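Novice: Just the structure for this:
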Amino acid sequence: MIDQLMSPADQFNEGADRPRALAQLNEILGREGFEAFYGEDNHCYLRHVGTQTVTVLAANPHRPLSKAEQERRLLLAGYLDHCSEDELIEEVLLPLFRQLGYHRITAAGHKDKALEYGKDIWMRYTLPTQHVLYFGIQAKKGKLDASGVTKTGNSNMAEIHNQALMMLAHEVFDPEANRRVLVDHAFIVAGGEITKAARNWLGNRLDATKRSQIMFMDRDDILNLYVVTSLPLPEGALPPPPPKPWSGNNELPF
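Specialist: From the prediction side, this is the model:
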């Protein structure tokens, strides 16, 4: 409704970005903690001021991407090439899962591995029936392969296997429910490719019950989901600003 109301085609006595209409709308929305803004696709979206969550229609990561989305995907792919594991978690995964509707997202971090129990992140998701599911995430920066630690930097699947078992076996404390709960499902997330051999290797070593609890998310999944949910790119993924043209008022560059 907001998108239709704020269509640039309906502008009157103002520019296509409709600054006066946007100001009037935000004056009302601000009382509820929201603000309206125009995205790169010239559609109007709502954003929660506190959490920066953007309200969009259900994202379809399998649809064809627009030219602008393809450019944003390339920028994010370049960021995944050089970011650290902590940056992958904090700058990419946490905003992404918040935008996808998960709640109480808690990052364990890497400072105290003794209390991590195989989970980099735990979170919960509320079903339409108000039942709550709990998820754990084990994130790795690079490619996951079944060949162990090699010169190419592939991660050791035996380590992933042990962390997945720990993730499913250890309880997490939900302070809102004031109780300890087991993780219902475990995400294995990689900033690189998760090969078919790696998926099969892990599946063959888990029993049927635990196998159904494991879900995979690799580089392509992250890129496509991040782009179609219209999340702003991490600061490290943005291209440098173009240099300012020299004028007589600027200082000489020598």
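Novice: drop to CA atoms for contacts and neighbour counts, all remaining ones
Specialist: OK.
Novice: Show me what counts as buried in the longest strand seen in the chain.
Specialist: Determined from DSSP state E, the single longest strand within the chain is strand 132-140. Of the residues in strand 132-140, 133-140 count as buried by neighbour count, 16 or more other C-alpha atoms under 10 Å.
Novice: And for stretch 170-188?
Specialist: 172, 182-188.
Novice: Now go through these and say which are in strands.
Specialist: The members of the buried residues of stretch 170-188 that map onto strands under DSSP E are 172, 182, 185-188.
Novice: before we move on, back to that, now, among the buried residues of strand 132-140, which is nearest to residue 193?
Specialist: Nearest to residue 193 among those is residue 140, at 10.4 Å by C-alpha to C-alpha.
Novice: so what's that closest one bridging to?
Specialist: Residue 140 has these beta-bridge partners by DSSP bridges: residue 190.
Novice: which residues touch it?
Specialist: Counting by C-alpha atoms under 8 Å, 6 or more residues apart in numbering, residue 140 touches 85, 155, 189-191.
Novice: Checking residue 192 next. Helix, strand or coil?
Specialist: coil (DSSP: H, G, I helix; E, B strand; the rest coil).
Novice: Ignoring the adjacent residues along the chain, who's closest to it?
Specialist: Using C-alpha to C-alpha, 6 or more residues apart in numbering and skipping the chain neighbours, the partner closest in space to residue 192 is residue 143 (4.2 Å).
Novice: just residue 92 next, same as before
Specialist: Leaving aside its chain neighbours, residue 92 sits nearest to residue 234 (7.2 Å; criterion: C-alpha to C-alpha, 6+ apart).
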